[in-house]
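[1] Would you be able to build a 3D model of this:
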Amino acid sequence: MLRRLTVITLVLVAFLVGCGIPDSGDVSRIPDNKIGALNDTLPTTSTSTTTPATIEPTTTTIQAESTTSTIATEDVTLYYISGAILVPFARPMRKGASSPEVLQALQEGPPTGDNAVVGLRTAVPTKDEALMNVTEDGSGVATVILPTNFYDTVKQEDQRLAIGQIVLTLTEVGRIGQVRFTLGGQPIGVFRGSGDLSQPGEPLPPRDYLELLEGPVVTTTTTTTTTVPLTTPTTVV
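    Predicted coordinates:
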């Protein structure tokens, strides 16, 4: 204990001398109770290690919603040519298709590829050959607007069939009962199924073309020969 006290005293003396305190030759003894307080005032060094916080990366997943729309369809009857008659052909189309859509489908012609039907053809020109249009007046009558080059693109022998295709196809649309035609903005007469011309702008019902569905009617004429015996006149005396 005495040795420790001596060491502390010498350290204090050296500190005071270094600070320029005049040396009076007197040495003051530090009481024992002050040494404990001195030890308590000595700074303590503490080392602390701070571990940085770990930030987990945040991943946000955005999943796009998939929407599926279903378009209702129904069969629409289009008429094409087979041999010398018109035959119906059912084609799936958008339910409630408009009359211009139906007419455009007719102008696309018979099905091709795997759905092709052997011997099926059309006399109606394509929209690239003759662009047609159709309007409705709300009374059940549709007006087909023929381009000026319509008859230039249809063979003369097929003109009756082409008109029949158009009339029978459009009247398959539930709200249409009759069809009339214009050419170059003017009402015109067209061939009926029988081959005669209608009046210009006359509405034509499908019954006018029913005979095109049955083909030509072949009539057979039978000639019966009756032999009458000759009678010899009788002479009365």
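[2] got the residue ranges for the strands in the protein?
    For the chain, applying DSSP state E gives strands covering 73-82, 85-94, 120-121, 133-136, 141-146, 178-183, 186-187.
[3] CSV for the ones you listed, including distance to L204 and mean pLDDT?
    Glycine gets a C-beta too; all of them are placed from N, C-alpha and C. As requested, the strands of the chain are exported to CSV (distance: least, C-beta to C-beta, whole Å; pLDDT from 0 to 100):
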stretch, distance to L204, mean pLDDT
strand 73-82, 14, 94
strand 85-94, 14, 94
strand 120-121, 23, 94
strand 133-136, 13, 95
strand 141-146, 10, 97
strand 178-183, 5, 97
strand 186-187, 12, 96
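[4] of all the ones you listed, which lies closest to L213?
    strand 85-94 (5.5 Å; C-beta to C-beta).
[5] residues of that closest one that come out buried?
    86, 89, 91 (16 or more other C-beta atoms under 10 Å).
[6] now stretch 115-123
    Counting neighbours by 16+ other C-beta under 10 Å, stretch 115-123 gives 122-123 as buried.
[7] And for stretch 140-151?
    141-147, 150-151.
[8] and which of the buried residues of strand 85-94 is nearest Q165?
    Of the buried residues of strand 85-94, the one sitting nearest to Q165 (C-beta to C-beta) turns out to be L86, at 6.3 Å.
[9] Isn't that closest one up against V167?
    No - judged on C-beta atoms under 8 Å, L86 makes no contact with V167 at a distance of 10.0 Å.
[10] Quickly list what's touching both of the two.
    Y209 (C-beta atoms under 8 Å, 6 or more residues apart in numbering).
[11] Out of the buried residues of stretch 140-151, which comes closest to V173?
    Nearest to V173 among the buried residues of stretch 140-151, with distances taken as C-beta to C-beta, is A142, at 7.8 Å.
[12] from what I can see the closest one touches I176, true?
    Yes - with contacts counted by C-beta under 8 Å, A142 reaches I176, the gap being 4.7 Å.
[13] Give the intersection of the neighbour lists for these two.
    Joint contacts of A142 and I176 (C-beta under 8 Å, 6+ apart) are 99, 136, 170.
[14] what sits against the residue lying closest to P203 once chain neighbours are set aside?
    The spatially closest residue to P203, leaving aside those adjacent along the chain, is Q178, at 3.7 Å (C-beta to C-beta, 6 or more residues apart in numbering). With contact set as C-beta under 8 Å, 6+ apart, Q178 has these partners: 140-142, 171, 203-205.
[15] where does the chain have low pLDDT?
    1-69, 215-237 (pLDDT under 70).
[16] mind redoing it with 90?
    For the chain, applying pLDDT under 90 flags the ranges 1-72, 96, 111-119, 137, 174-175, 184, 214-237.
[17] just the helices in it please.
    Assigned by DSSP state H, the chain shows helices spanning 2-18, 32-41, 99-107, 159-170, 211-214.
[18] okay, now I81: neighbour count?
    21 (other C-beta atoms under 10 Å).
[19] any idea how far V87 is from it?
    8 Å (C-beta to C-beta, to the nearest Å).
[20] P187 now?
    30 Å.
[21] what comes up buried for stretch 71-78?
    Result for stretch 71-78 [16+ other C-beta under 10 Å]: buried residues 76, 78.
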